[in-house]
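Engineer: With the input below, show me the fold.
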Amino acid sequence: MLRKLYDWVFVQARKPNATRVMAAVSFSESSFFPIPPDVMLAPMVLARPDRAYFYATVCTVASVLGALLGYAIGFFLEPVGMWMLAVLGKADTFEASKALFQEHGAWVILIKGLTPIPFKLITIASGIFAFNLPLFILLCTITRGARFFLVAFVLKTWGPAMLTVIEKRLALFTVIGLVLLAGAFVAVKMIGH
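Structural biologist: Next up, the predicted model:
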């Protein structure tokens, strides 16, 4: 069933209403849908490189709005959120996740938002753990924007060949991105003092 859903999303990328469908996929992926919007974003950017950053913006805005729904599910409907985490196979790590969120919540959101790990896990957990909402919105905007704009930039600049390289070396690129992000945080703190 997941493969059929994936194929359906991919086919939607070639239709006239693709931008609206991509926004809906991006919104729902942040709270309950299993397929990431990259499946639509990539072929749409390849077909229209001149609209790459527009598509990345649509994905980012829709994803952050969907993240708010995921947060609301966790915050207001905790039993539903716990059920969804159980369906995704993550309920058994609840206590460990809670401790991780309490200590490093911002980093969890930033790192997981860049990876292929389903973002809905982070959004629902953030609501369950009552993570600071304004900070949550800011972090979601940063991490989802970075992810979608990176995909748009890579495909617009180098086409599908470079995307294959990035997918093969995703861990390396994630580490490089995190080092740069940590460096930026340190620089901001040093400038502020």
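Engineer: any idea how far the closest residue to Met22 other than its chain neighbours lies from Ala13?
Structural biologist: Leaving aside its chain neighbours, Met22 sits nearest to Met40 (4.3 Å; criterion: C-beta to C-beta, 6 or more residues apart in numbering). For the C-beta atoms, the positions are set from N, CA and C on the backbone; glycine is no exception. Between Met40 and Ala13 the distance, using C-beta to C-beta, to the nearest Å, works out to 4 Å.
Engineer: Between these two, which has more neighbouring residues?
Structural biologist: Neighbours around Met40 and Ala13, counted as other C-beta atoms under 10 Å, are more numerous at Met40. The numbers are 27 against 22.
Engineer: sorry, back to before: am I right that the residue nearest to Met22 is in contact with Asn17?
Structural biologist: No. With contact taken as C-beta atoms under 8 Å, Met40 and Asn17 are classed as non-touching, separated by 11.3 Å.
Engineer: which stretches of the chain form helices?
Structural biologist: Taking DSSP state H, the helices of the chain run over residues 2-12, 18-29, 38-47, 52-76, 78-87, 94-114, 119-128, 133-158, 160-168, 170-192.
Engineer: so which of those helices is the most packed in?
Structural biologist: helix 119-128 (a mean of 26; mean count of other C-beta atoms under 10 Å).
Engineer: For Pro36, which non-adjacent residue is spatially closest?
Structural biologist: Setting aside the residues directly before and after it, Pro36 is nearest to Glu29 in space (C-beta to C-beta, 6+ apart), at 5.5 Å.
Engineer: How confident was the prediction at the one you found?
Structural biologist: pLDDT recorded at Glu29 is 91.
Engineer: Now do the same contact list for it.
Structural biologist: For Glu29, the contacting residues are Ile35, Pro36, Pro37, Ser63, Gly66, Pro118, Phe119, Lys120, taking C-beta atoms under 8 Å, 6 or more residues apart in numbering as the criterion.
Engineer: Kindly report the same for Leu41.
Structural biologist: Met22, Tyr55, Ala56, Cys59, Phe148, Val151, Ala152.
Engineer: residues contacting the third one?
Structural biologist: The one in question is Ala56. Contacts for Ala56 were tallied using C-beta under 8 Å, 6+ apart; they are Leu41, Val45, Gly145, Phe148, Phe149, Val151, Ala152.
Engineer: Much appreciated, bye for now.
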